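1. Here's a sequence, model it:
(2 chains)
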Amino acid sequence: MTAGLAGVDLADPDLYATGDPHAVWRGLRARDPVHWQPPTGDRPGFWSVTRYTDVDRVLSDHATFTSERGTLLNLLGRPDPAAGRQLAATDPPRHDRMRAPLQQALSPRAVQRCVPHVAAAVDRVLDPVRQAAGGVVDLVPVLRLLPLAAAGPLLGLPTADWPRLATLAAMCAAEDDAEVQLPGGVEATLARGHRELFAYFADLVRQRSRTPGDDLISVLVRMRCDGGPLQPGAVVANCYSLLLGAAVTLPCVPAATVAHLGATGRWRGFADQPDLLDDAVEEALRYASPAMHFMRQVRSPARLGGTDLNEGDAVVAWLAAANRDPAVFVDPDRFVPTRRPNRHLVFGSGRHYCIGANLARLTLRLLFGALAREFADLEPAGPVVRVRSTFLAGIKRLPVTPRRHR
Amino acid sequence: MSTPREKLELSTAYQPPGDDLQQRLAGLWSQKLGVAPIGLHDDFFELGGDSLLAADLQLAIDRMLGVEIPTWTLFLTPTVAELAATVAEALAGAQPDQPATDQVAGGHW
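-> Numbers count the residues shown, from 1 in each chain, chains lettered A, B, ... in the order given. Next up is the predicted model:
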């Protein structure tokens, strides 16, 4: 790494679309592990941590690092209206009280009951890939429906709404994606996607409050926390968060894996080893690291990795960098399907650990299992285009030529 | 304490609410947003509203007027004028022997 780190702009989405963020993080990890990026224009300065131990600490030490003043870099400098009302933007102890009933509904045992419907969903989702055998198919729109099919029944979302919800989620996360962007540009696309999803869930929440079911939205509606029910805004904000958490991040994992294994000609080897599926899924998660960062704010003066932080400082924990830390992962830039141990931070760490992790793992196991069983190869058939985002390590175009096993 | 409307940067000129329904809705917005006065064509989000507040406001409208309007009205056409028009339409279509308040009273909020 010879490039100067002084001028690097970690808040520039172009770095992640067309640059080499892993090279930048590698340099920071080695030479400036607690890196200060000065303020520019209306955006305050912020710290960036790239070492595994520091990222782990920032994510799990909620007493020092609060989640209630914005958790994403693009919100830096603005108050978070969801603070104290949405799980991801609420600190313990309130966070834990809000989380408990949801966590129960997403426990390993509860998720195990989803196997039949997720397997059926995977089977359905892969239809266009089968039909394209020998030809060319873009895997991105195919994979976009997968999270809805997996989480939709748990949330009690009507099947007919899944495609629209997938599009709205994409509008909220892949803001410059040409297929979903509105004529008004990035801001208009975000506002429209966001508002339409909130409106959708507000109607659904109203309906569930009248006729509760056993779905996650009903769990939120019924929940009593700190002496009362959640306000409608809080319920809706959590619905939004659950949907986005699944819909936006999950497809990145198979997309990154297929793109990488295709480019290196290693899909065949991957597909031939069904016994390694559990380990391979963990490695796919580590390698893809869809949520590249989460942000926290320093609650009271603290020392982190030898650097003094002041109250109110923003700290961005780069999960995607931690997951390639050579101090923890041997040969970190290699995709090693047999990697063990593999204590990656893809789902975060501590109390805010991804609530959908069990469902995500199940869905990925079923998807990778089906892909490996059915396709001897998913050959690259054109340039892979990455999403322009400081948060999401996404892929927006992934043309492949699927080859069936003989 | 309410923020005076003129302190905000809005894209619309002030036009006072007209009929009773518009006035009641503007009053409700004022209460929730902490801004006064609210103009007929002011944008809810420009006034400082956010999606969470919109969902809360939704319930307040249900309760105050005893009628349920589709939520997208508030999110996608976010002015008192447009909201009042939708509410008036819903009130005209509501069944007189089944006040909508009963429907929400059974809910959890």
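2. Is residue A:81 in contact with residue B:52, as I believe?
-> Yes. Between residue A:81 and residue B:52 there is a contact at 5.3 Å, judged by Cβ atoms under 8 Å. (Glycine included, C-beta is placed from N, CA and C.)
3. The two: which has the busier surroundings?
-> Between residue A:81 and residue B:52, counted using other Cβ atoms under 10 Å in any protein chain shown, the more crowded position is residue B:52 (22 against 18).
4. measure residue A:395 to chain B for me?
-> Applying Cβ to the nearest Cβ, to the nearest Å, the value for residue A:395 to chain B is 28 Å.
5. check contacts around the residue nearest the centre of chain A.
-> For chain A, residue A:249 is the residue whose C-alpha lies nearest the centre (Cα atoms, centre = their mean; 3.3 Å). By Cβ atoms under 8 Å, 6 or more residues apart in numbering or on different chains, the contact list for residue A:249 reads A:290, A:291, A:360, A:392.
6. Let's see that with 10 Å instead.
-> A:147, A:173, A:288-291, A:346-347, A:354, A:356, A:360, A:391-394 (Cβ atoms under 10 Å, 6 or more residues apart in numbering or on different chains).
7. Give the helix, strand or coil label for it.
-> Here residue A:249 is recorded as coil under DSSP: H, G, I helix; E, B strand; the rest coil.
8. Identify the contacts common to residue A:81 and residue B:52.
-> Here residue A:81 and residue B:52 have A:233, A:237 as joint contacts, going by Cβ under 10 Å, 6+ apart.
9. Would you mark the buried spots in stretch A:282-300?
-> In terms of neighbour count (16 or more other Cβ atoms under 10 Å in any protein chain shown), stretch A:282-300 has its buried residues at A:282-299.
10. If you could redo that for stretch A:202-210, that was the one I meant.
-> Going by neighbour count (16+ other Cβ under 10 Å), the buried part of stretch A:202-210 is A:202, A:203, A:204, A:205, A:206, A:208, A:209.
11. is it anywhere near chain B?
-> Yes. Legend: contact between stretch A:202-210 and chain B by Cβ under 10 Å from any Cβ of the partner chain is shown at A:202, A:203, A:204, A:205, A:206, A:207, A:208, A:209, A:210.
12. what about the strands in the chain?
-> As the question left the chain open, I've gone with chain A. Assigned by DSSP state E, the strands in chain A fall at A:34-37, A:46-49, A:65-66, A:137-138, A:224-225, A:228-229, A:293-298, A:302-304, A:307-309, A:314-318, A:375-380, A:385-386, A:395-397, A:399-404.
13. hmm, I had chain B in mind actually
-> For chain B, applying DSSP E gives strands covering B:3-4, B:35-36.
14. and of those, who's closest to residue A:270?
-> Of all the strands of chain B, strand B:35-36 sits nearest to residue A:270, with 57.5 Å by Cβ to Cβ.
15. For residue A:308, which non-adjacent residue is spatially closest?
-> Counting by Cβ to Cβ, 6 or more residues apart in numbering or on different chains, residue A:301 is the residue found nearest to residue A:308 once chain neighbours are left out, at 7.0 Å.
16. and that neighbour, how many residues sit next to it?
-> The burial count assigned to residue A:301 is 12, neighbours taken as other Cβ under 10 Å.
17. I'd say it and residue A:307 touch.
-> No. With contact defined as Cβ atoms under 10 Å, residue A:301 does not reach residue A:307; the gap is 11.5 Å.
18. Residue A:43 and residue A:393, how far apart?
-> Note on residue A:43: its distance to residue A:393, by Cβ to Cβ, to the nearest Å, is 21 Å.
19. ok, the two, which is more surrounded?
-> Set side by side, residue A:43 and residue A:393 show more neighbours around residue A:393, with 23 against 16, by other Cβ under 10 Å.
20. ok so, going back, closest to residue A:182 among the contacts of residue A:249?
-> Taking Cβ to Cβ as the measure, residue A:182 lies nearest residue A:173 of these, at 14.7 Å.
21. Verify the stated contact: that closest one with residue A:240.
-> No. The criterion here is Cβ under 10 Å, and residue A:173 misses it with residue A:240 at 11.6 Å.
22. ok so, going back, any chance of the strands of chain A in JSON lines, with mean pLDDT too?
-> Below are the strands of chain A laid out as JSON lines (pLDDT from 0 to 100):
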{"stretch": "strand A:34-37", "mean pLDDT": "97"}
{"stretch": "strand A:46-49", "mean pLDDT": "98"}
{"stretch": "strand A:65-66", "mean pLDDT": "98"}
{"stretch": "strand A:137-138", "mean pLDDT": "97"}
{"stretch": "strand A:224-225", "mean pLDDT": "90"}
{"stretch": "strand A:228-229", "mean pLDDT": "90"}
{"stretch": "strand A:293-298", "mean pLDDT": "97"}
{"stretch": "strand A:302-304", "mean pLDDT": "97"}
{"stretch": "strand A:307-309", "mean pLDDT": "98"}
{"stretch": "strand A:314-318", "mean pLDDT": "98"}
{"stretch": "strand A:375-380", "mean pLDDT": "93"}
{"stretch": "strand A:385-386", "mean pLDDT": "94"}
{"stretch": "strand A:395-397", "mean pLDDT": "92"}
{"stretch": "strand A:399-404", "mean pLDDT": "96"}
